[in-house]
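> Would you be able to build a 3D model of this:
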Amino acid sequence: MRGKLQLFLIVGKAALIVTAGCFVVPLLTPKSALTGIEQGALILTALVLTTGVATWWIFRKLQTDYTRREARAVATTFAILAPASLAIAFPLSLLPAGYAEILLGSRFLLLGAFVGIVAITTSLNFLLCLFTLWMTHHIIKLESTHNPDTAC
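As a prediction, the model looks like this:
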């Protein structure tokens, strides 16, 4: 299944990995035991580690259907843009969290925020990864038609 749906599912799962890592670490650590700087360092470490794991996972999954160069380009795009898309998704997640609270009750507030972050992160990363894949595919195509060995 080589196509946009496959790329969307892979990027969505990777966004879920990154978002879950950023949610789980602060929830598991007691707030009274850490200072503000330590909590920030812990969240930053979780972000870097989960982004690294998700990037590696994307690269391995895409290598089955795409060239190594295309898979590397998409994985690199995800690695660079995942923290930026999370920074955009966190404030915007208040909208789905608010709707979840209104429609389902206050117990679903955190779930609504989590789903909102995953959806926004997936959407942003998918669009940019799709563009990167398209550009890389066309660059490879141009390089294969233009052989430098035959140039004068």
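
> what ranges of the protein fall below the confidence cut-off?
Counting by pLDDT under 70, the chain contains low-confidence residues at 1-2, 31, 147-152.

> Where is the longest helix in it?
Determined from DSSP state H, the single longest helix within the chain is helix 109-145.

> What is that one packed up against?
Where contact means 3 or more Cβ pairs under 8 Å, 6 or more residues apart in numbering; DSSP states H and E, helix 109-145 is packed against helix 4-28, helix 68-92, helix 94-104. The way it works is simple: take the backbone N, C-alpha and C, and place the C-beta from them, glycine included.

> for that helix, which positions count as buried?
If you call a residue buried by 16 or more other Cβ atoms under 10 Å, then helix 109-145 has these buried ones: 109, 112-126, 128-130, 132-133, 136.

> starting at the chain centroid, how far to it?
In terms of Cα atoms, centre = their mean, to the nearest Å, the centre of helix 109-145 is set 8 Å apart from its chain centre.

> repeat for stretch 7-20
Remark: stretch 7-20 is offset 6 Å from the chain centroid, using Cα atoms, centre = their mean.

> same thing with stretch 61-71?
The answer for stretch 61-71 is 17 Å, by Cα atoms, centre = their mean.

> Residues in contact with that stretch: which ones?
1-2, 6-7, 10, 58-59, 74-75, 133, 136-137, 140 (Cβ atoms under 8 Å, 6 or more residues apart in numbering).
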